[in-house]
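Novice: Output the structure for:
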Amino acid sequence: METQAFLRPATGRKGLSPLNVRYFHQKLWFPVPLKQSIKSDEWDSTLQLVKNTNPQAQQLNTLISKTKNKLMEIALQLVAIGEEPTIDLVKARFRGKPIKLSTSVIHHPSAPQIVRVATTVTSEPEKSNKPYGKDFITLLEQWPTSSLHITSSTKKQYESFVSVFKQYVKETKYPASFEGMDMEFYKHFATYILYTKNHWNGYFGACIKKLKNFLSWAETEQEVKVNPRYRSKDFKVYREEKEIVYLTPAEINSLWDCREDFSKADRKYIDLCLFGCLTGLRISDIQNAGGLRVVDGMLTGKTKKTKGTFKIPLALDKRISLLLQEYEYNLELVSDVKYNQQIKCILEGLGESFASEVTITRYKLREPFYFTYTKAALITSHSGRRTMITNLMKSGRYHEKEIMEIIGTKSASEFRKYHAVDTEHLKMKAVREAKAA
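Specialist: Alright, predicted model coming up:
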């Protein structure tokens, strides 16, 4: 099952092409006309989006996403009840018509009714004899406080997941059980998180990861027999790379030049943005550093997330020292959440650079959805880290390992998440080669 946006051939005197979305299943499809038309050169067939040259691009792209979203929601709801998501069933339900389900629909038995007969002999008979019978929700509630080797922040995350899962069971009446942790459950839970609650793959993946942690704990520490399917690759933990934009050196200079024009209340957000762009420190890094100190010309502190020590040379940029002195080395000014909210609003009013549009892709399982935002709307405290890393790498003054040591991480994969690779250098090289030829 899949959805796709497309243009019909141009019709009428104006030569406009009607916008459509189609639903695919097993090489068959049906179209959903969106009752909107555009010029053919305003359509990006690769991204399946209306280009920004159309003044209504944002509204039309939102309409496309909502229609694709609705079709996939219907299809996954059918899958969750054991029904094949054929084009006839999806089309009928999309149009609000009654549908006739097959007689082979799988009904979920209640937990006490579930019985499985072992068909193979394992090398660990004592493990296979563990009971399924322990109450799923009771153990789930015990898990955050009983699980060993976790931090207080992880405990809070576990407690939050427990609340989400209990709400899922309450709203859907799904009979959660240890034996029932199979693909039928996975599809049902995916439909609830991604479509009923309208989350994305990153959130859904985090839920599945915590669920697998819980099931492993129940199996190893509580000696409960759990359906082994939860350990299979089909029980996939989806991940989502967030779009992190960065500021160019020119944008940093422009922001520095206008910082005095802001009120004291707004200026602290501008200064935190600048400090992050120059040092690579996020708001959480500043809050968890245990105080910022300068030793032998290096700004130092502990990084909680990577359990390292950042060592930032003040000589990187003289403005680092100016900001430290102005705030007397205390930049714990606002929370991460508050900063991410306010900096967007402030930068929106700073002109063309921050008003440029960025298209990002988000996913529900394998289904892509496209959104267009202004650059300002995507700025977060993580943007400072990407800015510092990207600009230092592009300058050619520092190597990857040196920058990793500066920001206090030993993980190359973590580092590369923040390195924005563009193709400008390829274009410039091609220009130089052409001139030399």
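Novice: which other helices and strands contact whichever strand or helix holds Cys258?
Specialist: In the assignment (DSSP states H and E), Cys258 maps to helix 249-258. Helix 249-258 sits against helix 264-279, helix 352-355, with contacts defined as 3 or more Cβ pairs under 8 Å, 6 or more residues apart in numbering; DSSP states H and E. All C-beta spots, glycine's among them, are computed from the backbone N, C-alpha and C.
Novice: tilt between that helix and helix 264-279?
Specialist: In terms of direction (axes from the mean of the first three to the mean of the last three Cα atoms, to 10 degrees), helix 249-258 departs from helix 264-279 by 150 degrees.
Novice: Only alpha carbons, please: show helix 249-258 as PDB.
Specialist: This file holds the C-alpha atoms of helix 249-258, laid out as PDB (Å, rounded to 0.1, in the frame of the first residue of the first chain):
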ATOM      1  CA  PRO A 249      29.100  33.300   9.000                       C
ATOM      2  CA  ALA A 250      27.400  36.300   7.300                       C
ATOM      3  CA  GLU A 251      24.100  35.600   9.200                       C
ATOM      4  CA  ILE A 252      26.000  35.300  12.500                       C
ATOM      5  CA  ASN A 253      27.700  38.700  11.800                       C
ATOM      6  CA  SER A 254      24.400  40.300  10.800                       C
ATOM      7  CA  LEU A 255      22.800  39.000  14.000                       C
ATOM      8  CA  TRP A 256      25.700  40.300  16.100                       C
ATOM      9  CA  ASP A 257      25.500  43.700  14.500                       C
ATOM     10  CA  CYS A 258      21.800  44.100  15.300                       C
END
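Novice: now what about it, what contacts it?
Specialist: By Cβ atoms under 8 Å, 6 or more residues apart in numbering, the surrounding residues in contact with helix 249-258 are 247, 270, 273-274, 277-278, 319, 350, 353-354, 387, 391.
Novice: follow-up on the earlier one: mean neighbour count, the helices and strands packed on helix 249-258: which tops it?
Specialist: When the helices and strands packed on helix 249-258 are scored by mean count of other Cβ atoms under 10 Å, the highest mean neighbour count falls to helix 264-279 (a mean of 20).
Novice: number of nearby residues for Gln56?
Specialist: Residues contacting Gln56 under the criterion other Cβ atoms under 10 Å number 13.
Novice: Within the helices and strands, which one has Val21?
Specialist: Per DSSP H and E: strand 17-25 holds Val21.
Novice: Buried residues of stretch 231-238, list them for me.
Specialist: Within stretch 231-238, the residues that count as buried by 16 or more other Cβ atoms under 10 Å are 235, 238.
Novice: Also stretch 55-73?
Specialist: Within stretch 55-73, the residues that count as buried by 16+ other Cβ under 10 Å are 57, 60-61, 63-65, 67-73.
Novice: ok, and what's touching that stretch?
Specialist: The contact list for stretch 55-73 (Cβ under 8 Å, 6+ apart) reads 1, 3, 5, 19, 21, 23, 32, 34, 36, 38, 42, 48-51, 54, 90, 94, 191, 195, 364, 367, 369-372.
Novice: Check the offset of that stretch from the chain's centre.
Specialist: Mean C-alpha position of stretch 55-73 versus that of the full chain (Cα atoms, centre = their mean, to the nearest Å) differs by 19 Å.
Novice: picking up where we left off before, mean pLDDT lowest where, among the helices and strands packed on helix 249-258?
Specialist: Mean pLDDT is lowest for helix 352-355 out of the helices and strands packed on helix 249-258, coming in at a mean of 83.
Novice: Can you name every helix or strand that it contacts?
Specialist: The contact analysis (3+ Cβ pairs under 8 Å, 6+ apart) places helix 352-355 against helix 249-258, helix 336-348.
Novice: This completes my enquiry, with thanks.
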